[in-house]
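**Student:** structure of the sequence below:
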Amino acid sequence: MPSCCCYYPSCSYCILGDGCMMEGISNEACSLAGHWGLGKLIALYDDNRISIDGHTEISFTEDVAARFEALGWHVQHVQDGNTDFDGLRKAIANAKAVTDKPSLIKVSTLIGYGSPNKADTHDVHGAPLGPEETAATRENLKWPYGEFEVPQEVYDVMRSAVSKGATAEEGWKATLAAYKSKYPKEAEELEGLLSMKLPEGWEKALPTYTPEDKGLATRQYSQIMLNALAPVLPGLIGGSADLAPSNLTLMKMFGDFQKGSYAERNLRFGVREHGMGAIVNGIGRHNSGLIPYCATFYIFTDYMRAAMRMSALSEVGAIYVMTHDSIGLGEDGPTHQPVEHLASFRAMPNMLMVRPCGGNETAGAYKVAVANRNRPTTIALSRQGMPNLEGCSIEGVEKGAYVIHGGEGTPDVIIIGTGSELPLAIDAAKKLEADGTKVRVVSMPCWELFAQQSDEYKESVLPAAVTKRVAVEAGSSFGWERYIGTSGKFVGIDDFGASAPANILYEKYGITLDHVVEAAKSLL
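**Tutor:** This is a model prediction of the structure:
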């Protein structure tokens with residue numbers, strides 16, 4: 001937006017403990033904060049030198065302040081965080097004055113301050129003092145107030161923030177009004193973002209495909225979707241953990257978000273998967289209308305699963321763009337080939353796990369992901385190409401599963417496929433039909449969305465009377481009994497992969513046309 005007086009004057013604050021500083025994510029995220037020069041980020045480090053096991057000297061003796069200085073942070077130290085309130089206020093004021101780098105305020109404190117027998121021990125780290133020690137602490141601190149009694153002085157200080165906040169809000173409104181008068185178009189966009197509402201008709205930007213269109217890998221379709229949405233979703237922002245050329249996640253109309261160029265929308269996370277996921281959560285929970293996405297190889301969700309789980313728990317509408325979704329990635333071998341990952345994310349509450357086939361289903365995945373602002377979506381995308389199948393649709397993805405072949409009448413057998421194995425399911429159906437078998441093929445890109453549909457719709461797709469079912473997916477069989485039953489057949493992989501070209505691996509692990517046909521025939 002044009003440079004003017006319209007800005008957010010507030011800072012973002014966080015409080016960290018010794019345990020936070022031990023976690024690897026602190027270095028990942030804080031390294032990026034220093035690199036980006038996030039001058040409105042202020043972290044207060046409660047340095048009480050105690051963890052659950054005891055004093056931190058048993059496992060943590062590094063110079064945290066020196067580490068953060070090396071990361072490009074402005075660092076201060078308040079020696080007595082228990083009583084030096086003026087020193088703490090001064091440190092915060094100093095931090096706010098430094099606008100070209102984030103600030104760390106190391107605040108040395110005594111845990112359990114005032115407790116005669118438990119101060120400076122791990123006994124007070126995660127447990128209450130107990131009645132006797134509480135009484136002793138009250139006496140030691142000369143605290144005359146009863147349980148849950150708050151002194152009037154505290155109320156007065158807290159309530160003063162109400163009038164300060166009202167004054168600040170009036171100032172913001174006046175600034176925004178001046179901005180709207182000078183830059184009406186940009187102000188409309190800003191207010192649209194702050195409303196947390198998606199622009200009307202944004203989904204019309206998503207392209208659709210026919211069987212005549214050349215088939216591509218779904219990671220390539222993902223790139224097309226991102227770049228189609230970039231101009232119509234001003235809040236779309238994200239990037240990859242050092243894999244942008246493989247994940248194909250760059251928005252071509254924008255440059256890189258870097259220190260001094262904060263208007264750009266491509267984030268370069270570097271090899272920091274856990275930090276990347278946490279940053280995406282922060283962007284999503286800021287409630288500023290931004291739509292965050294991030295990307296890496298699907299296998300590397302192992303490095304960031306805690307952040308993805310926090311997205312689901314915290315109802316953050318993050319978009320996880322995960323490419324190289326199966327043994328189909330080929331020669332990188334089993335260290336890079338996801339097997340159990342689809343099952344594990346399907347098991348995660350409030351996570352939408354989408355594995356699309358072709359261009360239309362990839363478009364559907366993005367429509368679902370963008371529309372769900374309080375639910376994260378993981379999109380598993382292929383390295384290998386696949387055709388645009390007749391019947392694949394955006395609307396089908398929105399329902400989680402739908403009939404793509406053989407929808408008339410009652411079938412003898414149902415074949416369920418996802419992603420790159422859906423064409424295999426249709427080819428198997430056609431081969432079985434040549435022998436007189438009536439086959440229905442169901443595309444099931446998202447279990448969670450299908451589970452939300454009405455009983456009538458679910459019955460129309462997977463009739464309860466048709467128990468002869470086969471599922472084909474280049475992943476673990478775990479969980480598929482929900483849809484194929486205990487007597488159904490699964491064609492997939494329940495072992496680690498290997499290093500070889502994709503076609504050889506599919507043959508080795510039996511994910512082939514003949515095996516799908518054989519599985520179906522064994523049920524008839």
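
**Student:** any idea how many residues pack against Gly126?
**Tutor:** Other residues near Gly126 come to 8 when the count uses other CB atoms under 10 Å. Backbone N, C-alpha and C define where each C-beta goes, glycine included.

**Student:** how about it: what's its closest non-neighbour residue?
**Tutor:** Ile52 (6.3 Å; CB to CB, 6 or more residues apart in numbering).

**Student:** what sits against the one you found?
**Tutor:** With contacts defined as CB atoms under 8 Å, 6 or more residues apart in numbering, the neighbours of Ile52 are Gly19, His122, His125, Gly126.

**Student:** what residues of the longest helix along the chain count as buried?
**Tutor:** Of all segments of type helix in the chain, defined using DSSP state H, the longest is helix 152-182. Residues of helix 152-182 classed as buried under the neighbour-count rule (16 or more other CB atoms under 10 Å) are Leu176, Tyr179, Lys180.

**Student:** as CSV, these with pLDDT and distance to Ala66 would be great.
**Tutor:** As requested, those are exported to CSV (pLDDT from 0 to 100; distance: CB to CB, whole Å):
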residue, pLDDT, distance to Ala66
Leu176, 89, 42
Tyr179, 91, 42
Lys180, 92, 47
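
**Student:** go through these and name the one nearest Asp80.
**Tutor:** Using CB to CB, Leu176 is the member of the buried residues of helix 152-182 that lies nearest Asp80, at 41.2 Å.

**Student:** quick check, that closest one in contact with Glu188.
**Tutor:** No - with the criterion set as CB atoms under 8 Å, Leu176 and Glu188 do not qualify as a contacting pair; they are 11.7 Å apart.

**Student:** re the thing from before, relative to Ala464, which of the buried residues of helix 152-182 is nearest.
**Tutor:** Where the buried residues of helix 152-182 are concerned, and distances follow CB to CB, Ala464 has its nearest neighbour in Leu176, at 57.1 Å.

**Student:** so which residues of the stretch 251-400 of the chain form strands?
**Tutor:** Defined through DSSP state E, counting those that start in this stretch, the strands belonging to the stretch 251-400 of the chain, from first to last, are 266-268, 291-297, 319-323, 352-354, 377-381, 385-386.

**Student:** closest one to Thr56 among the ones you listed?
**Tutor:** Taking CB to CB as the criterion, strand 291-297 is the member of the strands of the stretch 251-400 of the chain that comes nearest to Thr56, at 32.1 Å.

**Student:** just the CA trace of that closest one, in CSV.
**Tutor:** Listed next in CSV are the C-alpha coordinates belonging to strand 291-297 (Å, rounded to 0.1, in the frame of the first residue of the first chain):
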residue,chain,number,x,y,z
ILE,A,291,-4.4,-16.5,4.4
PRO,A,292,-1.1,-18.3,5.2
TYR,A,293,0.2,-21.3,3.3
CYS,A,294,3.5,-23.2,3.6
ALA,A,295,5.1,-26.1,1.8
THR,A,296,7.7,-28.8,1.9
PHE,A,297,7.9,-32.5,0.9
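
**Student:** give me the residues contacting that strand.
**Tutor:** Strand 291-297 is contacted from outside by 226, 233, 235-241, 243-244, 246-247, 249, 267, 269, 273, 276-277, 279-280, 283-284, 303-304, 317-324, 329, 336, 369-370, 373, using CB under 8 Å, 6+ apart.

**Student:** of the residues you listed, which belong to helices?
**Tutor:** Among the contacts of strand 291-297, the subset assigned to helices under DSSP H consists of 226, 244, 246-247, 273, 276-277, 279-280, 283-284, 369-370.

**Student:** and the closest residue to Arg49 other than its chain neighbours, how many neighbours?
**Tutor:** Setting aside the residues directly before and after it, Arg49 is nearest to Thr56 in space (CB to CB, 6+ apart), at 4.9 Å. Applying the criterion other CB under 10 Å, we find 20 residues in the vicinity of Thr56.

**Student:** verify the stated contact: Thr56 with Asp18.
**Tutor:** Yes - with contacts counted by CB under 8 Å, Thr56 reaches Asp18, the gap being 5.1 Å.

**Student:** tell me how far the ends of stretch 467-487 are from each other?
**Tutor:** When the termini of stretch 467-487 are compared using CA to CA, to the nearest Å, they are 8 Å apart.

**Student:** sorry, that was for stretch 96-113
**Tutor:** From the first residue to the last, stretch 96-113 extends over 28 Å; the measure is CA to CA.

**Student:** quick one: contacts for Val370?
**Tutor:** Leu198, Trp202, Glu203, Leu229, Leu233, Ile291, Ile319.

**Student:** where does it land on pLDDT?
**Tutor:** In this model, Val370 is scored at 98, pLDDT.

**Student:** same question, Pro9
**Tutor:** As summarised for this prediction, Pro9 has a pLDDT of 65.

**Student:** one more: Cys5?
**Tutor:** With respect to pLDDT, Cys5 scores 55.
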